[in-house]
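A.B. asks: Sequence first, predicted model second:
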Amino acid sequence: MSLKSKIKDAFKSTTKSSIKRGKTVMGLVDTVAGGYRAATKIDAWREPPRDILPKYIQAFCRKSARALGVEVIEVEPVPKTHALWASNHISWMDVPVVGSVSPAFFLSKAEVAKMPVMGPLAKVAGTLFIKRGSGDAGSVASQMATFLEMGYSVMFFPEATTTDGRQIKKLHGKLLQAAMDANKPIQPIVICYINKEGELDDTVPYYGGIRLKDSLMSVIDGDLVTAYVLPLQPLYPEDKTRDELTAELQERMQSGLEELHSRVVKSQQNKLK
């Protein structure tokens with residue numbers, strides 16, 4: 001290939017990348033603007049109407065994921081269980097993905113409410129903010145239990161860190177105390193990201209030493225990805241210790257992730273034939 005041809009191909013590639021980035025930015029801007037309009041429509045600026053908010057949050061999250069090139073598919077219908085929700089954690093993308101299908105409100109540090117643009121949206125979305133300085137697990141679990149008792153489902157990631165999505169890391173079960181104290185079930189779900197070849201995607205996972213900026217650009221510049229969500233059977237805390245509950249959740253999420261992979265990953269499907 002001549003130098004002229006190489007330069008031409010590089011220019012075409014750069015142009016395509018720039019166009020895709022532009023479309024993504026416009027899609028995200030449109031999504032955020034739509035979120036502000038919806039908040040005004042339902043009068044959420046004064047007091048978030050939590051009884052009707054989940055459907056608006058789900059629509060916003062699904063549109064956000066789509067703008068970033070990720071389609072969300074429920075492998076089985078996700079229930080609307082009032083519970084402490086638990087999901088495996090692969091990327092920052094998990095938030096719009098699980099938010100697309102779950103009726104749960106997100107838990108966040110109070111500082112998020114002060115962020116420009118997204119902070120106000122987090123407020124009107126009924127985000128449950130943890131008080132500053134209450135970062136110990138016992139205090140956080142107590143606040144989560146209060147939210148559950150008030151009728152609000154809460155979503156958290158018990159691995160407490162992101163992974164490559166191939167297995168479930170050791171779960172940190174201290175926050176399960178919230179479900180025990182509020183006497184509410186734990187509703188686990190598992191997710192995975194599949195590329196156009198039908199394999200586990202390697203552009204979305206955000207873990208190790210990857211920088212957030214690099215991860216974001218990798219997703220924006222990458223091909224379309226499908227996020228599959230599989231709801232699992234709920235766990236009930238009655239007559240169980242926290243360690244027993246943690247071990248049961250660990251086993252259920254690991255076996256659930258293996259089942260999900262067997263159903264949506266092309267190589268796993270071929271092994272089963």
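C.D. replies: Great, that's in hand.
A.B. asks: Please name every helix or strand in contact with the strand ranked longest in the chain.
C.D. replies: Longest strand of the chain, by residue count under DSSP state E: strand 186-194. With contacts taken as 3 or more Cβ pairs under 8 Å, 6 or more residues apart in numbering; DSSP states H and E, strand 186-194 sits against strand 84-87, helix 94-101, strand 225-231, helix 242-264. (Each C-beta comes from the backbone N, C-alpha and C, glycine too.)
A.B. asks: Show me the contact partners of the first one.
C.D. replies: It refers to strand 84-87. 94, 98, 102, 104, 144, 148, 153-158, 175-176, 178-179, 182, 184-191, 249, 253 (Cβ atoms under 8 Å, 6 or more residues apart in numbering).
A.B. asks: if we go to 7 Å?
C.D. replies: Outside strand 84-87, the residues that touch it by Cβ atoms under 7 Å, 6 or more residues apart in numbering are 94, 98, 102, 104, 144, 148, 153-158, 178-179, 184, 186-189, 191, 249.
A.B. asks: State the mean pLDDT of it.
C.D. replies: What strand 84-87 shows for mean pLDDT is 97.
A.B. asks: so what strands line up beside that strand?
C.D. replies: Sheet pairing of strand 84-87 (DSSP bridges) gives strand 154-156 (parallel), strand 186-194 (parallel).
A.B. asks: Next, the closest residue to residue 50 other than its chain neighbours: secondary structure please.
C.D. replies: Distances taken as Cβ to Cβ, 6 or more residues apart in numbering place residue 126 nearest to residue 50, at 4.8 Å, with adjacent residues excluded. With DSSP: H, G, I helix; E, B strand; the rest coil as the basis, residue 126 sits in coil.
A.B. asks: quick check: mean pLDDT across stretch 181-201?
C.D. replies: In the prediction, stretch 181-201 has an average pLDDT of 97.
A.B. asks: what about that stretch, distance to the chain center?
C.D. replies: 9 Å (Cα atoms, centre = their mean, to the nearest Å).
A.B. asks: ends of it, how far apart?
C.D. replies: 38 Å (Cα to Cα, to the nearest Å).
A.B. asks: Equivalent analysis for stretch 190-203, please.
C.D. replies: Using Cα to Cα, first and last residues of stretch 190-203 are 18 Å apart.
A.B. asks: just stretch 85-95 next, same as before
C.D. replies: 13 Å.
A.B. asks: Could you list the residues in contact with the longest strand of the chain?
C.D. replies: Contacts for strand 186-194 (Cβ under 7 Å, 6+ apart): 78-79, 81, 83-88, 90, 94, 97-98, 165, 176, 179, 200-201, 204, 225-232, 234-235, 249, 252-253, 256-257, 260-261, 264-265.
A.B. asks: quick check: angle from that strand to helix 94-101?
C.D. replies: 120 degrees (axes from the mean of the first three to the mean of the last three Cα atoms, to 10 degrees).
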